[in-house]
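Enquirer: No letters, just coordinates:
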């Protein structure tokens, strides 16, 4: 009798185990299928862009100006405009975002209502549509700050009260600011609290602890997060529609008060407002390929910086 009961129990548990194994295999297969699907979509998109843009992609395409109503020629002014935009945006956003993250992580108390309000504001900014940033840049930077500066310093002559690369960069910096703050804050939190306490116990001040312990230990995460945020901003179009991007310029920007061409905006214009959309299709795909190479390069730089800093730390 006991033997029959034991055999029944073994059969029950083996059946239950086999069902669990089937479920586990099923869920593993689903996750693998999802990963394969994502990778396949990525390669399909890259394949289409490379195939459609291969005929136009060349050094001459990168280094020459558009011609014949932008149905021929290259993207040099758009490439330079994007580069300037990224540099000015980084100068404006990265220091401010890093300082804000330092305050939230190192100086603000856990129960601080002000810090809670700042975090709420950052989360809110992160979900605001990018076109709203463009409208804000138009109203605040151009019509308020720019027009006020022209009235106060230029005798009403129009210079800053119009779309230009400075206002576009500052608008874009507001867009990337939440990403920078969150990424830097998370990088700072990876430093153990014991290291901070040990530094303070040895007589170091709060700032000396941050400068010599916290920042060196989290610099790889800070660099990675900021570069990824900047690479995201490099491909955005909506915030610069009203604040500085131009349809076509025969010259490069000479100052921050000039308008500029942008790779993302260039693609948008050529696909919607070109005099011959079908004729410019290879230019559109080649420009998209250049923009992808630019953003991917920034991501690769972030990975290399992180790995190099980690290797040196060891």
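Expert: Here it is on my side, so go on. A quick note: this is a predicted structure, and the numbers were derived from the prediction, not measured.

Enquirer: Could you use CA atoms for every contact and neighbour count after this?
Expert: Fine.

Enquirer: measure residue 215 to residue 187 for me?
Expert: Using C-alpha to C-alpha, to the nearest Å, we find residue 215 at a distance of 9 Å from residue 187.

Enquirer: same deal with residue 250?
Expert: On the measure of C-alpha to C-alpha, residue 250 and residue 187 end up 44 Å apart.

Enquirer: neighbour-wise, which of the two wins?
Expert: The neighbour comparison of residue 250 against residue 187 (other C-alpha atoms under 10 Å) goes to residue 187, with 23 against 10.

Enquirer: residues contacting the nearest residue to that one once chain neighbours are set aside?
Expert: In space, and not counting its chain neighbours, residue 187 is closest to residue 221: 5.0 Å by C-alpha to C-alpha, 6 or more residues apart in numbering. Neighbouring residues of residue 221 by C-alpha atoms under 8 Å, 6 or more residues apart in numbering: 183, 184, 187, 306.

Enquirer: Next, residue 221: phi, psi?
Expert: phi -70, psi -40 (degrees, to the nearest 10).

Enquirer: likewise residue 73?
Expert: The phi/psi pair for residue 73 (degrees, to the nearest 10) is phi 90, psi -160.

Enquirer: Correct me if wrong: it contacts residue 65.
Expert: Yes. Between residue 73 and residue 65 there is a contact under C-alpha atoms under 8 Å: 5.7 Å.

Enquirer: Just the terminal-to-terminal distance for stretch 245-261.
Expert: End-to-end for stretch 245-261, by C-alpha to C-alpha: 5 Å.

Enquirer: buried sites along that stretch?
Expert: Going by neighbour count (16 or more other C-alpha atoms under 10 Å), the buried part of stretch 245-261 is 245, 246, 247, 248, 252, 253, 256, 257, 258, 259, 260, 261.

Enquirer: Out of the residues you listed, which is nearest to residue 88?
Expert: residue 256 (9.3 Å; C-alpha to C-alpha).

Enquirer: and the closest one, which of the three is it?
Expert: coil (DSSP: H, G, I helix; E, B strand; the rest coil).

Enquirer: So it is in contact with residue 162, correct?
Expert: No. When contacts are counted by C-alpha under 8 Å, residue 256 is not listed as touching residue 162 (11.4 Å).

Enquirer: what do those two both touch?
Expert: Joint contacts of residue 256 and residue 162 (C-alpha under 8 Å, 6+ apart) do not exist.

Enquirer: All the helices of the stretch 151-300 of the chain, residue numbers only.
Expert: 165-189, 193-201, 206-209, 215-234, 263-272, 281-313 (DSSP state H, counting those that start in this stretch).

Enquirer: Out of the ones you listed, which gets nearest to residue 49?
Expert: helix 281-313 (5.5 Å).
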